[in-house]
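A.B. asks: no sequence on this one, just coordinates:
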């Protein structure tokens, strides 16, 4: 069953030969609650997706994960690349961490760098990041240690821990608690002065940059630019969706006919394809004989990417309006709902990412299902 599911990815984009090598060096898990038990050891790269993902054992390679609730309490001896609604890292990661989440809580240790995009990020006092921390979010709370620089962007940022070098922040409100200790410089851009509690330490200089008038105008322009872009996205998705649903309503129905409990399957296929396909395209482009194949794969992948949001919107419309039998109305409600969610700051990035994974996975699964079994016998 799993060979069939993962075969979708490279069959759809003509990547069979390249993907075989990746698959042999990887371990794939999926389901409602996939996990790595406390006594389990995975000796290669792990791809795992599901509603609830639990990594309690040891992974001797990179970890790619996606799910609603993700808990990493074990040890990962590679990098962690993860997307989820709620992500908790309480174990040990001996590489870098790249996470996109609505809520991320870090109580464990990360030996390398941490790149984080989250609506709410909390690092407890027991947690440590060995390298640089690049964090963007609405609410950021650093109570542990960061070995080198901290680059922060958000609304409310509080530092109660130790920063090994410098802090560079572009924020609304910045506060340093009594246990905060910044070894280097504190440079921040804000209308508000940093709030320093008694006992807070900054070893270097502290410099605040007041946003200039042009910067304020830029912020206003960016706001209205985002509004215009969101409206453009809504109109473009609606136009494309209506055109496609008028051409092939039954195709959209069959493509999105999947049980809610099995939604992890297209999400996992989309995750595998999103990471593996660009790498294999680049590999093909680096060889002279592989350039035509690389362009063919690139064109195929662009088409899949363009259609993915439309397919996700239609699936979302069917989920919202279950009893509606008019495909046009289903597409309209799905596109509008998805466009509204994508327009929400921070959360929209996460929703859009999942929508692309889901849509591309559904498209690739449908292509694989419709492809006839090859027959190389000449009669």
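C.D. replies: Sure, I can see it. All values reported here derive from a predicted model rather than from experimental measurement.
A.B. asks: which SSE is immediately downstream of the one helix or strand residue 122 maps to?
C.D. replies: Assigned by DSSP states H and E, residue 122 falls within strand 114-123. Next helix or strand after strand 114-123 toward the C-terminus (DSSP H and E): strand 128-129.
A.B. asks: now that following strand: average pLDDT?
C.D. replies: The average pLDDT within strand 128-129 is 96.
A.B. asks: now do it: which elements does it pack against?
C.D. replies: Applying 3 or more CB pairs under 8 Å, 6 or more residues apart in numbering; DSSP states H and E, one finds that strand 128-129 contacts strand 109-110, strand 145-146. Backbone N, C-alpha and C define where each C-beta goes, glycine included.
A.B. asks: any low-confidence regions in the chain?
C.D. replies: The chain contains residues with pLDDT under 70 at 1-26, 30, 212-230, 288, 345-346, 374, 376, 378-379.
A.B. asks: what residues are bridge-paired with residue 45?
C.D. replies: Beta-bridge pairing of residue 45 under DSSP bridges involves residue 26.
A.B. asks: burial check on residue 113, number of neighbours?
C.D. replies: When neighbours are defined as other CB atoms under 10 Å, residue 113 has 20 of them.
A.B. asks: ignore what I typed, I meant residue 259.
C.D. replies: Neighbours of residue 259 under the rule other CB under 10 Å: 7.
A.B. asks: do you know how far it is from residue 209?
C.D. replies: In this view, residue 259 and residue 209 are 53 Å apart by CB to CB, to the nearest Å.
A.B. asks: domain parsing for this structure?
C.D. replies: 41-212, 215-370 (automatic domain parsing).
A.B. asks: circling back to that earlier point, quick one: distance of the strand holding residue 122 to the chain centre.
C.D. replies: 12 Å (CA atoms, centre = their mean, to the nearest Å).
A.B. asks: could you work out the end-to-end span of stretch 29-46 for me?
C.D. replies: In stretch 29-46, first residue to last residue: 8 Å (CA to CA, to the nearest Å).
A.B. asks: now stretch 54-62
C.D. replies: Stretch 54-62 end-to-end distance (CA to CA) = 15 Å.
A.B. asks: what are the contacting residues of that stretch?
C.D. replies: 33-46, 48, 63, 65, 70-81, 91, 95 (CB atoms under 8 Å, 6 or more residues apart in numbering).
A.B. asks: buried ones among those residues?
C.D. replies: 34-36, 42, 45-46, 48, 63, 65, 70-81, 91, 95 (16 or more other CB atoms under 10 Å).
A.B. asks: wasn't residue 367 part of a helix?
C.D. replies: Yes - assessed with DSSP: H, G, I helix; E, B strand; the rest coil, residue 367 lies in a helix.
A.B. asks: what about it, neighbour count?
C.D. replies: Neighbours of residue 367 under the rule other CB under 10 Å: 16.
A.B. asks: check which helices and strands the one helix or strand residue 350 maps to is in contact with.
C.D. replies: Assigned by DSSP H and E, residue 350 belongs to helix 347-370. If contacts are counted by 3+ CB pairs under 8 Å, 6+ apart, helix 347-370 sits against helix 2-12, strand 80-89, strand 97-106, strand 114-123, helix 249-255, helix 264-285, helix 291-320, helix 327-343.
A.B. asks: ok, back up a step: angle of the strand holding residue 122 against strand 80-89?
C.D. replies: 0 degrees (axes from the mean of the first three to the mean of the last three CA atoms, to 10 degrees).
A.B. asks: by contact count, what packs against strand 114-123?
C.D. replies: strand 97-106, strand 133-142, helix 347-370.
A.B. asks: returning to that earlier point: got the buried residues for the helix holding residue 350?
C.D. replies: 348-368.
A.B. asks: kindly report the same for stretch 253-268.
C.D. replies: 255-256, 258, 263-268.
A.B. asks: what do you get for stretch 55-66?
C.D. replies: 55-59, 61-66.
A.B. asks: what's the answer for stretch 188-202, then?
C.D. replies: For stretch 188-202, burial by neighbour count (16+ other CB under 10 Å) applies to 188-190, 194, 196, 200, 202.
A.B. asks: distance between the ends of that stretch?
C.D. replies: End-to-end distance for stretch 188-202, by CA to CA: 13 Å.
A.B. asks: and that stretch, how far from the chain's centre?
C.D. replies: 32 Å.
A.B. asks: likewise for stretch 275-291?
C.D. replies: With CA atoms, centre = their mean, you get 23 Å for stretch 275-291.
A.B. asks: try stretch 255-269
C.D. replies: 18 Å.
A.B. asks: who touches it?
C.D. replies: Applying CB under 8 Å, 6+ apart, the contact partners of stretch 255-269 are 5-6, 8-9, 28, 30-32, 47, 49-51, 66-67, 311, 314-315, 318-319, 354, 357-366.
A.B. asks: report the separation between the two terminal residues of it.
C.D. replies: Length of stretch 255-269, first residue to last, CA to CA: 14 Å.
A.B. asks: who's in contact with residue 176?
C.D. replies: Residue 176 makes contact with 158-160, 182, 194-197, 200, 202 under the criterion CB under 8 Å, 6+ apart.
A.B. asks: got the phi and psi for it?
C.D. replies: phi -110, psi 120 (degrees, to the nearest 10).
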